Every structure is written in C-alpha cells, then in structure tokens.
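Undergrad: next comes the sequence, and after it the predicted model I'd like to discuss.
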Amino acid sequence: MQHKRELTCGICFENYPRATMSAAPCGHPFCLYCWRGYISTAINDGPGCLMLRCPDPSCKAAVGQDMVNAMASEEDKEKYARYLRRSYIEDNRKTKWCPAPGCEYAVEFVMGGGSYDVCCNCSYNFCWNCAEEAHRPVDCGTVSKWILKNSAESENMNWILANSKPCPKCKRPIEKNQGCMHITCTPPCKFEFCWLCLGPWTEHGERTGGFYACNRYEAAKQEGQYDESERRREMAKNSLERYTHYYERWAANQSSRQKALADLQSLQNDKLEKLSDRQSQPESQLKFITEAWLQIVECRRVLKWTYSYGYYLPEQEQAKRQFFEYLQGEAESGLERLHQCAEKELQVYLDAETPLKDFNDFRTKLAGLTSVTRNYFENLVRALETGLNDVGPSTNPSTAACSKSSSSKSLLSGKSKSGKSKSGAGSSSTRSSRQIDDSIWTCDSCTCTNPKGSSHCQACDRHR
C-alpha cells in the first residue's frame, strides 16, 4: 500500500506522497524541494538554464518555462525571463541590443530603408552592420580602420620616429629638449653625443662646429650617408602631421556635437518654456528651434566622419580630393552659420525682458538655414557614398575646386529672408545653372559648384 501512495525521489532518495512529487514530461518523479534546488542552481549558473533537462542522468527531456514558473522563486523567475528575452534577441537576425552604455533596449531592423543607420529609444544612433555609432557617409571598413588607428600604438611609434633619435650606445629613443646639439643620454647610460651626426661628443669641438652645427654631419649628408635615416624621419613626420590634421578636426566636431547635445537637452528642459513666456509664443510654435538643434547634432556627426573619409581618400586622385575638400568646406561653412544662429542669435531672445518685434524674422531665418543645411548635407552624404563618381580621373585638378569668387558665397546667398530664391534680371532668371568651365557648373539658385556629370545641384537638388 505504501508503494502505491508514495514515490521515491531520484535525487534525495526519500519517499514522499505522490501529491508532493512532480515530474517533467518524461515522468521521472522528484520531490518539490529537490526540483526547486535543481532549478535555482541552474538559473544562477547563467543562460544555460534555458537548455535545462530532466535531473535523471539518462533522460534528455526538456524542462520548460511553465515548470520553472511553478517551481522557482520570484527572483529566479525574473532572471530566467531575462535570459529568455536575451536569447530571443541574440538568436534573431532582425534584432540587436543597443550598444549605448547602460542602455537595455533592443532594436529591430526594418529592411528596405537603404541605410544601416538605426536609432534606439534612448536616442543613440548606431550602424546595424558594425554596431559602431552611425557613420554615414563612410563605410564600416573605413570606420574600423580609423578607430583602430586612433587607438593603435602606430601613431606613437611615428611620433617617436619623427621627433627622436636613438642613443648610439644604448639605442633608447631620445627627444631633444634644449637648443644645443650636445646630448646626454639618461642614466645609467649617460653617453654624450652629437644630435646631428650621433658621434661621440669627445670628438667634437670648434673644428666640427661646436654647439651650433656639425661640419662632419654636413659633409656626411652631402656624401649621402644620412639620406636614408633622414628620409624615414621626414616621411614619419609628414605622416604624423597629416594624421594629426584630420584627427584634430574629427575630434573637434565630435566635441562640438557633444556640446550641441547638451545644449539641446538644456533647451528642452527649461529654455523653451522661458522663451515661450518672454516672447509670448506657445511652445508648439517653437519646434523650429528644436529641429534646428537636432539638425546641428546630425550634421556635426556627418562632418566628423568626412574627415575620416578625407584621410583615406587616395592622394593620387587630385580631382576628387580637391572637389571633396570644396564640398566639405561649404558644408562646414553652412553648418557654422546654422550653429551660430541657433546658439548666439537665439540668446538675444532668451535674454529679452519683453517680446521682440523681429522674432518672426528670426524664425524664418533659422527655419531656412535648417532646411538648406539639411538638404546640402543629405546631398553631400549621397555624393560621398557613391565615391564622388561624377568627378572622373581625367578632370583637371585646377578646375575641380571652386573659384575664389564662388567659394566665398554662402549656401544661403540665393535666399531671401522669406526663404524664396532671388532672381536676377534678364535671361539669367530663366536658367537653372551657368557654365564656368568645361568640368563644373554652378547652380543659379544656391551658387554651389557641381561636377559636369551631375544633372541636379548637390546642395539644393535643383535640376540643371
């Protein structure tokens, strides 16, 4: 009779009433206490609990979520559910975790958008393909090389090569930090030598030039003895200067973008409400300011990555390089104009104690700058993503860049305060563009210079 009413637990081997025993679909019975301990241990061991099997060593029956929910504590059930969600996200090719620090959102990728840039609910934009921050117009390979270069030791070695020389005795690199050529290596070496020819200082005196020059070095240089080392040092120095040029501007735009994000946050938190009170405008009518700042943040990101694009642009493609630098310069000029308007000109209205009559003019100006800058940057991104294909290798480098007179004009030189295009008198008002040479044409609407093969203006998208 005892055997019909009681069962033996396969873990603790104690007999328990049948009602207090439980089993997976396989039917192997275990007591509730052992089940709880088994499930709790598995959950605390990590995500492997999602593959939980029956405790019987010979059985491979799965232990499902329903049984976990029935047996586990509330804390363990929460952990199990978190592992389950993580498993769903990581096993699904259309979902990924947001890579932003501290963010716990997952993002679903919608195919067909033509871009790998996605935005999380935390407002972080990243590339779906490589999980780095959004980086249009450069590709993922360029971003990977640029980030590796920024963090690698190669630039340190270039700096050492360009700005130091090895001690002739101990071979440690030495930086010259004083004016004369008499160098003393650091202890314990303490070798004294000439910075120019690397010879022992005991062999130097007035007959070799003394502290200021080394006749032995000059003679050896004329004989070609130091040409190779000097050439390597000069190449390293040029490479370092070129990298520094692009990196400083990349980092400066990154810093400006972070500041713009902070300014946008401050604006949304309290400044819009303050502006609404002082200018007697409902907050719903001040969205143009938020849109301007969002555009500044986005354009700073794009402009930042154009410097990475420029660094890896082949130097032998002079036509593309000159045209790229012109487009980049126009983009930077237009963005600075928008940023200054949103930052400094807005401050006038924030500081005003009473409503100012020209606030509507400011609205029109800022909205117009936002629209034109957005349009220009969108066209810039498209042009760079296609590799500036409109500029062929046969293009004359001297005509690939804009002339001084046209490059000095702003992106908005053809815009009036109302945002409408100005038209000149006579036949020029009926033309969409004017020719300035055989390889480029200038848009009459916004004065942007475009490659000959382009049928639309890259700034305002107007047909040629």
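TA: Perfect, thanks for sending it.
Undergrad: what bridges to Ala106?
TA: Trp97 (DSSP bridges).
Undergrad: pLDDT below threshold where in the chain?
TA: Residue ranges of the chain with pLDDT under 70: 1-4, 112-114, 152-163, 179, 205-230, 233, 391-451, 457-462.
Undergrad: mind checking the longest helix of it?
TA: helix 227-266 (DSSP state H).
Undergrad: pull out the buried positions in that helix.
TA: 233, 236, 240, 243, 246-247, 249-250, 253-254, 256-257, 260-261, 263-264 (16 or more other Cβ atoms under 10 Å). Heads up, the C-betas are built off the backbone N, CA and C, glycines and all.
Undergrad: buried residues in the helix or strand following that helix, which are they?
TA: Downstream of helix 227-266, the next assigned helix or strand under DSSP states H and E is helix 272-278. Buried residues in helix 272-278, defined by neighbour count with 16+ other Cβ under 10 Å: Leu272, Leu275, Arg278.
Undergrad: what's the answer for stretch 136-144, then?
TA: Arg136, Pro137, Val138, Asp139, Thr142, Val143.
Undergrad: try stretch 360-368
TA: Going by 16+ other Cβ under 10 Å, stretch 360-368 has these buried residues: Phe362, Arg363, Thr364, Lys365, Leu366, Ala367, Gly368.
Undergrad: and stretch 116-124, by the same measure?
TA: Buried residues in stretch 116-124, defined by neighbour count with 16+ other Cβ under 10 Å: Tyr116, Asp117, Val118, Cys120, Tyr124.
Undergrad: among those residues, which one sits closest to Glu78?
TA: Proximity of the buried residues of stretch 116-124 to Glu78, judged by Cβ to Cβ, is greatest for Cys120, which lies at 23.1 Å.
Undergrad: what are the ranges of the helices in the stretch 101-250 of the chain?
TA: Per DSSP state H, counting those that start in this stretch, the stretch 101-250 of the chain carries helices over the ranges 140-151, 154-163, 215-222, 227-266.
Undergrad: with the stretch 251-400 of the chain instead?
TA: 272-278, 287-312, 318-340, 346-351, 359-385, 397-400.
Undergrad: quick one: closest of the ones you listed to Lys452.
TA: From the helices of the stretch 251-400 of the chain, taking Cβ to Cβ, the stretch that ends up closest is helix 397-400, at 9.5 Å.
Undergrad: re the thing from before, just the angle for the longest helix of the chain relative to helix 140-151, thanks.
TA: Counting by axes from the mean of the first three to the mean of the last three Cα atoms, to 10 degrees, helix 227-266 lies at 110 degrees to helix 140-151.
Undergrad: can I get the CA coordinates of stretch 58-74 in CSV?
TA: Output in CSV follows, covering the C-alpha atoms of stretch 58-74 (Å, rounded to 0.1, in the frame of the first residue of the first chain):
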residue,chain,number,x,y,z
SER,A,58,19.8,9.1,-18.6
CYS,A,59,17.0,11.4,-19.6
LYS,A,60,17.1,14.3,-22.1
ALA,A,61,13.6,15.6,-21.6
ALA,A,62,13.4,19.4,-21.6
VAL,A,63,12.2,21.4,-18.6
GLY,A,64,10.1,24.2,-19.9
GLN,A,65,9.2,27.7,-18.7
ASP,A,66,5.9,26.6,-17.2
MET,A,67,7.7,24.2,-14.8
VAL,A,68,10.3,26.9,-14.0
ASN,A,69,7.5,29.4,-13.2
ALA,A,70,5.8,26.8,-11.0
MET,A,71,8.9,25.9,-9.0
ALA,A,72,11.3,28.9,-8.9
SER,A,73,11.3,31.8,-6.6
GLU,A,74,10.3,35.3,-7.8
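Undergrad: and that stretch, how far from the chain's centre?
TA: 45 Å (Cα atoms, centre = their mean, to the nearest Å).
Undergrad: enumerate every residue touching Phe109.
TA: Phe109 sits next to Lys94, Thr95, Lys96, Val118, Trp128 when contact means Cβ atoms under 8 Å, 6 or more residues apart in numbering.
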